[in-house]
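[1] Just a sequence and a predicted model for now, questions to come.
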Amino acid sequence: MNRRTMLAAVIALTTGLTLAGCSSSDNKPELKVTGAFMPQPVSDMAAGFLVVKNSGGASDRLTSVTSTISDDVTIHETKNEKMRMVTSLEVPAGGELELKRGGNHLMFMKLKQQPKQGEKVSVELHFEKADPIKVDLPVKGTTHNPKKH
C-alpha cells in the first residue's frame, strides 16, 4: 500500500468513526422532571410522585433516590394492586416514567422530620445513564391528587 492509499484509508476510517460518534451522541436520554410533589405525611413514612420525561433517543432507568429527609428512600412498583420494592424503573426513549398515586412511586421511610404543607423536600434522582437530577418536591395536602389534562 502506498502512502496516498494509506492516507486515504486513514481519512475514510477517521471520518467514519467521527460520523458514528455523532449519530451515537444523538442516541442518549434527555430527561426532565415535572409534576413533582409529596403529600404531607401523617407518620414517619411518606410517598413521592413525579414524572420523568425522556425526549432523547435512548431509554434510561431510575436506579435510586437520595434525600436529606430520609436515609431510606426506595422505588416501588405497583402491579395488580400489589406494591413491591424494585431496584429500578425504565424511562423509555421518547416517553415518560410516571410515579403517581395507585401506581409506581417513591417511598421515604423513617423520616428525620415531618415536612408540612407548603414546604419543599429536596431529592436527587439517580439514573443508569443520565446525570443525577435534583428536584424539590412541594409538600401538598395529604389527599392531594393532581388530574392529568
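    Great, that's in hand. Numbers count the residues shown, from 1 in each chain.

[2] For this protein, name the helix or strand with the lowest mean pLDDT.
    Within the chain, no helix or strand scores below helix 3-25, which has a mean of 46 by mean pLDDT, DSSP states H and E.

[3] in what helix or strand does the most centrally placed residue in the chain lie?
    In the chain, the residue lying closest to the centroid (CA atoms, centre = their mean) is residue 62, at 4.5 Å. Using DSSP states H and E, residue 62 sits within strand 60-67.

[4] how about low-confidence regions in this structure?
    1-26, 148-149 (pLDDT under 70).

[5] thinking again about what came up before, which residues touch the residue nearest to the centre of the chain?
    By CB atoms under 8 Å, 6 or more residues apart in numbering, residue 62 lies in contact with 52, 75, 88, 89, 91, 97, 125, 126, 127. To be clear about C-beta, it is placed using only N, CA and C from the backbone, and glycine gets the same treatment.

[6] Of those, select the buried ones using a ChimeraX command.
    The ChimeraX command for the buried members of the contacts of residue 62 (criterion: 16 or more other CB atoms under 10 Å) is given here:
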select :52,75,89,91,97,125,126,127
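
[7] what's the most distant pair in the contacts of residue 62?
    97 and 126 (13.3 Å; CB to CB).

[8] Quickly list what the residue nearest to the centre of the chain is bridged to.
    Counting by DSSP bridges, residue 62 is bridged to residue 89, residue 127.
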